[in-house]
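Visitor: only the shape, not the letters, is given here:
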């Protein structure tokens, strides 16, 4: 799993039906921006654990959910070193 | 999921039967060109959400569809920072 | 999917039975050499679409085929920019 | 599989139910910090084998477990060269 | 699939039961050291084809085997260019 920082929610009105209305978050993976399905209710500034690969689907709620990156936990205390 | 910019459709006449006639788009992932199956009807210039891994198959329409990158949503408003 | 250039066939006499006698091609992904199972009959110099992840298995013919990179289409006309 | 070094346990109180109470470890993959589910009982300083992709789920205990990186073995003796 | 060079066997006494007693090899993928399950009986110095993703499991012997990188063939003749 990756350690990412939540930046902000992402709005995408035109999306496939399978995505339903789950919240999408823009997260920072190092200096790279990715989009993750939020399964825990994170807010901007949170350090979170993101799971990828096929596990991202189960983590988002069901084996059919089309996610490849899902926020699965909020880290209690994270000090990113420089 | 990745945030990509749609460049142009890709024509591949000689392709495996499993690909059917779905539209393929060349997308820019950072400075890298990739090919994505278009499930939402994007046009060149759109910023889109692309899903990879095994989720790309369901997102393209069925568990048997051989995609590893599928456009699943058009972002309403995206300002790529430099 | 990735856009790759076919370099040459790869010979591997000692291989697992599950690989059968399908043709393997060395392809160039950027400046990186990879090996792909050829499902379309490409020849050296062709620009091709390669699918990875779990979709590479179905694309190679069956869900049990052990491929993680399969050539699924020949691009009609590709101009790699510098 | 990757060769990683265990840094420290990671505490995440707010996490999805599917993660259960399995121990999470921060591991170093090269100079990159990742989070792995610990299936062998590693301690900080151990050099370990981490499995990713869909195999990380089975390795963590069941096909439904939402892991994409699982510690599957402790290396008896590893000398990282510079 | 990747083209890797076999470096040496890897010993990991404390490992999950699912790994059984299959041989593990340290392989060089470019300048990166990875661990692969050996399904063909390679020896140090061999240039081999390694399969990743979910295909690595079937290639290692069964759909339940927790591998994400499996040696599936020995290349007859490989000249790595500089």
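Guide: The structure has been received and is ready for your questions. The shown structure was predicted, so the numbers you read here are calculated from the model rather than taken from an experiment.

Visitor: tell me, how many residues neighbour whatever residue of chain A ends up closest to chain E?
Guide: Here chain A gets closest to chain E at one residue, residue A:54, 7.3 Å apart by CB to the nearest CB. For the C-beta atoms, the positions are set from N, CA and C on the backbone; glycine is no exception. Neighbour count for residue A:54, taken as other CB atoms under 10 Å in any protein chain shown: 26.

Visitor: wait, it touches residue B:55, no?
Guide: Yes: counting by CB atoms under 8 Å, residue A:54 does reach residue B:55; the two are 7.4 Å apart.

Visitor: where do the contact lists of those two overlap?
Guide: By CB atoms under 8 Å, 6 or more residues apart in numbering or on different chains, residue A:54 and residue B:55 have no common neighbours.

Visitor: OK, contacts around the residue of chain A closest to chain E?
Guide: Residue A:54 neighbours (CB under 8 Å, 6+ apart): B:53, B:54, B:55, C:54, D:53, D:54, D:57, D:68, E:54.

Visitor: next: residue A:69.
Guide: Residues near residue A:69 by CB under 8 Å, 6+ apart: A:27, A:34, A:35, A:36, A:37, A:50, A:51, A:52, A:56, B:1.

Visitor: okay, and the first one sits in which element?
Guide: Under the criterion of DSSP states H and E, residue A:27 resides in strand A:24-29.

Visitor: kindly report the same for the fifth one.
Guide: In this structure, residue A:37 sits in strand A:32-38 according to DSSP H and E.

Visitor: any part of that strand near chain D?
Guide: No: counting by CB under 8 Å from any CB of the partner chain, chain D is not contacted by strand A:32-38; separation bottoms out at 10.6 Å.

Visitor: I'd like the distance from the helix or strand following that strand to the chain centre, please.
Guide: Using DSSP H and E, the helix or strand that follows strand A:32-38 towards the C-terminus is strand A:47-52. Distance, stretch centre to chain centre, for strand A:47-52: 6 Å (CA atoms, centre = their mean, to the nearest Å).

Visitor: and stretch A:3-14, by the same measure?
Guide: On CA atoms, centre = their mean, the centre of stretch A:3-14 falls 8 Å from the chain's centre.

Visitor: try stretch A:49-59
Guide: That offset, for stretch A:49-59, works out to 9 Å (CA atoms, centre = their mean).

Visitor: and what of stretch A:55-64?
Guide: 12 Å.

Visitor: that one near chain D anywhere?
Guide: Yes: applying CB under 8 Å from any CB, one finds that stretch A:55-64 is in contact with chain D at A:55, A:56, A:58, A:59.

Visitor: how long is that stretch end to end?
Guide: 11 Å (CA to CA, to the nearest Å).

Visitor: does any bit of it sit next to chain C?
Guide: No: under the criterion of CB under 8 Å from any CB, stretch A:55-64 makes no contact with chain C; the nearest approach is 11.6 Å.

Visitor: in that stretch, what counts as buried?
Guide: A:55, A:56, A:57, A:58, A:59, A:60, A:61 (16 or more other CB atoms under 10 Å in any protein chain shown).

Visitor: next, the angle from the strand holding residue A:27 to strand B:47-52.
Guide: Per axes from the mean of the first three to the mean of the last three CA atoms, to 10 degrees, the angle that strand A:24-29 makes with strand B:47-52 is 70 degrees.

Visitor: and strand A:24-29, which strands flank it?
Guide: strand A:2-9 (antiparallel), strand A:32-38 (antiparallel) (DSSP bridges).

Visitor: name the residues of chain A found near chain B, please.
Guide: So chain A meets chain B at A:10-16, A:18-19, A:24, A:26, A:32-36, A:52-54, A:56-57, A:64-69 (CB under 8 Å from any CB).

Visitor: derive a ChimeraX selection command for the buried subset of the residues you listed.
Guide: Of those, the buried ones can be selected in ChimeraX as follows, counting by 16+ other CB under 10 Å:
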select /A:10,12,15,16,18,19,24,26,33,34,35,36,52,53,54,56,57,65,66,67,68,69
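
Visitor: state the pLDDT value of the closest residue to chain C within chain A.
Guide: Closest contact between chain A and chain C, by CB to the nearest CB, is at residue A:54 (7.3 Å). Here, the pLDDT recorded for residue A:54 equals 95.

Visitor: against residue E:52, how distant is it?
Guide: Computed as CB to CB, to the nearest Å, the residue A:54 to residue E:52 distance reads 13 Å.

Visitor: what's the overlap in contacts for the two?
Guide: Common neighbours of residue A:54 and residue E:52 (criterion: CB under 8 Å, 6+ apart): residue D:53.

Visitor: that'll do, ta.
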